[in-house]
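[1] sequence plus predicted model, see below.
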Amino acid sequence: MSEQIMLTVFLKHDQSQNLEEIQGHLAEQEWWTGFPPEGAEILSWNVVMGIGQIVTLRMPPEVLPKVNVELERRAWGVFSTEFFPTYDFLPVRERLTREWKDKTGKA
């Protein structure tokens with residue numbers, strides 16, 4: 001498997017627009033077929049009430065500029081965006097929990 005990175009994107013709704021305006025803009029920009037770009041895999045896509053949407057992607061590092069361009073092309077005007085490099089902490093947490101239990105003798 002080639003090197004992969006994960007990226008979490010916060011898509012914060014422009015609250016000066018209603019849902020119909022937002023959906024209309026996204027349709028005009030072909031959001032639903034243009035994002036994410038080829039090479040980026042959606043790991044999760046959640047709606048967070050009061051914030052907007054949070055999308056986590058996995059991709060080879062060279063796809064990152066394409067993700068940025070597609071967000072600029074398709075999402076701006078309805079979302080403000082924030083980006084966070086991401087990694088899966090669950091295996092680390094499970095290992096630390098096992099080690100703590102072994103050390104303390106607690107089940």
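    Yep, that arrived.
[2] now for the longest helix anywhere in the chain, which elements pack on it?
    Secondary structure assigned by DSSP state H gives helix 90-104 as the longest helix of the chain. For helix 90-104, there is no helix or strand it packs on, judged by 3 or more Cβ pairs under 8 Å, 6 or more residues apart in numbering; DSSP states H and E. For glycine as for every other residue, the C-beta is placed from the backbone atoms N, C-alpha and C.
[3] touching it from outside, list them.
    Applying Cβ atoms under 8 Å, 6 or more residues apart in numbering, the external contacts of helix 90-104 come out as 106, 107.
[4] do a quick rundown of the strands in the chain.
    Per DSSP state E, the chain carries strands over the ranges 5-13, 41-48, 52-59, 79-86.
[5] buried ones in the first one?
    When burial is assessed from 16 or more other Cβ atoms under 10 Å, strand 5-13 yields the following buried residues: 5, 7, 9, 10, 11, 12, 13.
[6] tell me the mean pLDDT over it?
    Average pLDDT, strand 5-13: 96.
[7] any low-confidence regions in the chain?
    Low-confidence segments of the chain (pLDDT under 70): 1.
[8] one more time with 50
    For the chain, no stretch is flagged by pLDDT under 50.
[9] hang on, isn't residue 7 packed against residue 86?
    Yes. Look at residue 7 against residue 86 with Cβ atoms under 8 Å: they come within range, at 6.1 Å.
[10] overlap of the contact sets of the two?
    Both residue 7 and residue 86 are contacted by residue 56, under the criterion Cβ under 8 Å, 6+ apart.
[11] tell me how far residue 82 lies from residue 11.
    Distance of residue 82 to residue 11, given as Cβ to Cβ, to the nearest Å: 9 Å.
[12] over to residue 19?
    Residue 19 is 14 Å from residue 11, by Cβ to Cβ.
[13] what's the answer for residue 83, then?
    For residue 83, the distance to residue 11 - Cβ to Cβ - is 10 Å.
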